[in-house]
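Visitor: need the 3D shape of this:
(one chain, ligands or ions: 1)
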Amino acid sequence: MKFNNAAWISAPEDAQTCPLFKKQICLRGTVKKAELRATAMGMYRFFIDGKDVTDALFMPGWTDYVKRVQVQTYDVTRFFACCKEYAELSLLLGNGWASAEIFVGVVHPYIPRAAAIAELTLTYADGKKERFGTDKSWETWTNRCVYSELYMGETQDATLEPQRIGYAQETHVKAKLVPDEGEPVVEGEIVYPRALITTPNGERVIDFGQNLAGYVRVKCRGPRGGKISFVPAEILDKDGNFYNGNYRNAANRCTYTLSGGEDEFKPVFSFQGFRYIRIDEYFSEDIDLSCFNAIAVHSDIKRTGRFVCGNEKINQLYSNIIWGQRSNYIDVPTDCPQRDERLGWTGDAQVFCRTAAINFDVHKFFRKWLHDLILDQHKNGGVESVIPIVKGIPFYPASGWSDAVTICPWEIYLAYGDKQLLSECYPAMCKWIEYIKNEENGSYIWNAGFHFGDWLATDAPYGSFSGATDTSLIDTAFYAYSLSIVINAGNVLGKDTSGYRTLREKVVEAFRRKFIENGLPKGKPAVCCSSEQSTCYTQTALSLILYFGLGEEKDRKRQTDALVELIEQNGMRMTTGFLGTPYILHSLSENGRDDIAYSLLLQEKAPSWLFSVNMGATTMWEHWDGINEKGEVWNKDMNSFNHYAYGAVFDWIFGKAVGIQPLLPAYERVRICPHPDARLHFTDMAFDTRYGTLRAKWTFLPDGIRYEYEIPEGACAEIILPDGKKYEVSKGNYVFFTK
Ligand code: BGC
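Guide: A predicted model of the protein is given here:
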């Protein structure tokens, strides 16, 4: 993609962080059509006669700017509707992701000074075209957005009289420009303040009642020069005081100076993750709560799943999962939205991908991110654990993280049936296998390099980040899992997969030799906070063995019993971390132990999903015990209260409890195989597929269980009820009973 008549511009060095570039243009006649193209190495908003034409936030979106920068195209004809002779074009530029301080102080990762380029093409009534592009004739102005950084917050001064400080500087930017393919980031739900609290420390805090990613909009009238300044937090500490220690270096401060008239403030190029704000400055004694709203921002993904059941705590958990996804799908799938991180961690993305595609339509969102991933894959097939790559910080390939390259394309294919995307990803999937093959060097056991392991599992000594599961067991298990996916994908695409099948057999054989003895994992069994630094005998190891099919069929029962025993020894609780948790309930259900799967789902003591719900969580926590029973915080360096990874449990609720599984991509043909349990009373799921809404419900009645299904037109289903009866159905409504 090219601009015909525009140059990259940036502001003089001493300009404020968000310069405004302006240009007056003369129109030569009636405008029939007006099209604007714009992008930035930073973030921009574009205005015509002071009116904002940018219909999304944080443009041009986050890519690996070294490799590609997205260009947005806007139809701006409506701004030229009246016969005017002049127009004023202006562009506000911020540092955004490209020129920000990203991840614990990595400054300006992609470009030292933010730059932008834009071009307006006018087509007059006589058919003639005229182009107006950014160049050094554009003036540079000060403006009320004095300071803005993604992590640091924003300062706006409405008293500031804009001043011309010179002209734009043309600058050379080497970037491949591509059309925007992302899902635009937009403002979503508005959350109204729930309470104004004066904490025991005497601080004034607004509680919005919901943790979210977005910003606070302030609408007020006050004295000219009066100030409002606040910082966000996700939690209050055990004494009820404001706590933002877990934000690390992200200052997240918003400061606004009032004009004296009606004012409205919200950040332009920054967002925060928060439930509370502490008001440090306010222009009058009394804080008027009605001035404040929290606005959630997220990629414009449409909701596709709606679930409710007879257990209020599980309903709250579901709400937390939905809010976790909204908060972390901001152009790329991130780990968290609040501290100085907010990166495209591949492990988190792959773990949650299936759930994500049930909750929302994430097809376009993932297509863009998978293109980022393919582009960032190294020549040797390595995929870093953060995508887009952040220039200057190598996040080395790691098992369970980089396997996103196989897992996500496959999950997205199953959810939406996009064969084209799968075939675009297939070479990258194969190259990833080549990468591991080189690393394991003929041993079929992958243990080279650094790996995160079962991140944040609780079976290692207290305080460890990585769980007790032997990392080479995890690495090799994911090697085999990625191979299975490559085989499945290859089969769909009509490729010869025999080589991968043989390789998988060898990997599985080697896995059994190295890690399994008499059907069970080798080593000492690990329970919670065990002294074992590394063992093969853990809940995670057993879950991976069962779910990835790494043991012998004859040993399934023993392995399931062993898993149940470990869970029971731990007081019917999990010890699993990022890599074991998504599979543990599936492993139990697929091997006849729904009873234990439900007990884990409904467990209320940490580590468990409902522990955080009982502690008042409104989003998913990064740690099982981010706040412990005593109300103390786990750690301040790694303690997000808005991390969606453990929300992956919803794919078990959907796939096993409700029982919906795609037999053909895009849910053209589904298996509905409910696993009801009286402890939930009922489950009711409505799911918008490409074919229409699929509904599935079961209810415990005094004399049995009632099942209600609605199959949309164009889809069909195989229904298998717990009594073993099987029904083939197509469009229509169905009701069944079992005793
Ligand atoms: C992130 C995680 C991520 C991890 C890598 C953390 O800092 O927040 O979610 O996957 O690092 O282990």
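Visitor: can you pull out the strands in the stretch 251-400 of the chain?
Guide: Per DSSP state E, counting those that start in this stretch, the stretch 251-400 of the chain carries strands over the ranges 253-257, 262-265, 272-281, 292-299, 305-309, 329-330, 332-333.
Visitor: out of the ones you listed, which comes closest to D52?
Guide: Checking those against D52 by C-beta to C-beta gives strand 262-265 as the closest, at 12.8 Å. Placement of C-beta: from N, CA and C, glycine included.
Visitor: show residues contacting that closest one.
Guide: 156, 158, 217-222, 228, 254, 256 (C-beta atoms under 8 Å, 6 or more residues apart in numbering).
Visitor: can you tell me the SS state at the residue of the chain positioned farthest from its centre?
Guide: Using C-alpha atoms, centre = their mean, the residue of the chain lying farthest from its centre is D126. It sits 48.2 Å away. What DSSP: H, G, I helix; E, B strand; the rest coil gives for D126 is coil.
Visitor: that one contacts G29, doesn't it?
Guide: Yes: taking C-beta atoms under 8 Å as the definition, D126 is a contact partner of G29 at 6.4 Å.
Visitor: so, low pLDDT: which residues of the chain?
Guide: Residue ranges of the chain with pLDDT under 70: 83, 104-105, 530, 532.
Visitor: how about the nearest residue to the one residue sitting closest to the centre of it, chain neighbours excluded?
Guide: Centroid check for the chain by C-alpha atoms, centre = their mean gives P333 as the closest residue, at 3.1 Å. Distance criterion C-beta to C-beta, 6 or more residues apart in numbering; nearest residue to P333, sequence neighbours excluded, is A349 at 4.1 Å.
Visitor: who does Q72 form a beta bridge with?
Guide: A38 (DSSP bridges).
Visitor: who's in contact with it?
Guide: By C-beta under 8 Å, 6+ apart, Q72 lies in contact with 37-39, 54, 56, 59-60, 180.
Visitor: can you check P394 too?
Guide: Here P394 is in contact with E384 (criterion: C-beta under 8 Å, 6+ apart).
Visitor: same question, A526
Guide: A526 makes contact with 459-460, 468-469, 532, 535, 537-538, 566, 575, according to C-beta under 8 Å, 6+ apart.
Visitor: could you rerun that using 10 Å?
Guide: Residues near A526 by C-beta atoms under 10 Å, 6 or more residues apart in numbering: 457-460, 467-469, 532-541, 566, 569-570, 575.
Visitor: from those residues, which land in helices?
Guide: Taking DSSP state H, the ones among the contacts of A526 that sit in helices are 539-541, 566, 569.
Visitor: closest residue of the stretch 451-600 of the chain to the ligand?
Guide: Here the residue of the stretch 451-600 of the chain nearest the ligand is F452; by C-beta to the nearest ligand atom that distance is 4.0 Å.
Visitor: what parts of the protein come near the ligand?
Guide: Counting by C-beta under 6 Å from any ligand atom, the residues of the chain close to the ligand are 335-336, 341, 345, 347-348, 452, 455, 643.
Visitor: try 5 Å this time
Guide: 335, 345, 347-348, 452, 455 (C-beta under 5 Å from any ligand atom).
Visitor: which residues of this protein fall in helices?
Guide: 312-328, 346-359, 363-376, 404-416, 419-440, 471-492, 498-515, 539-547, 556-569, 581-589, 594-602, 609-614, 650-652.
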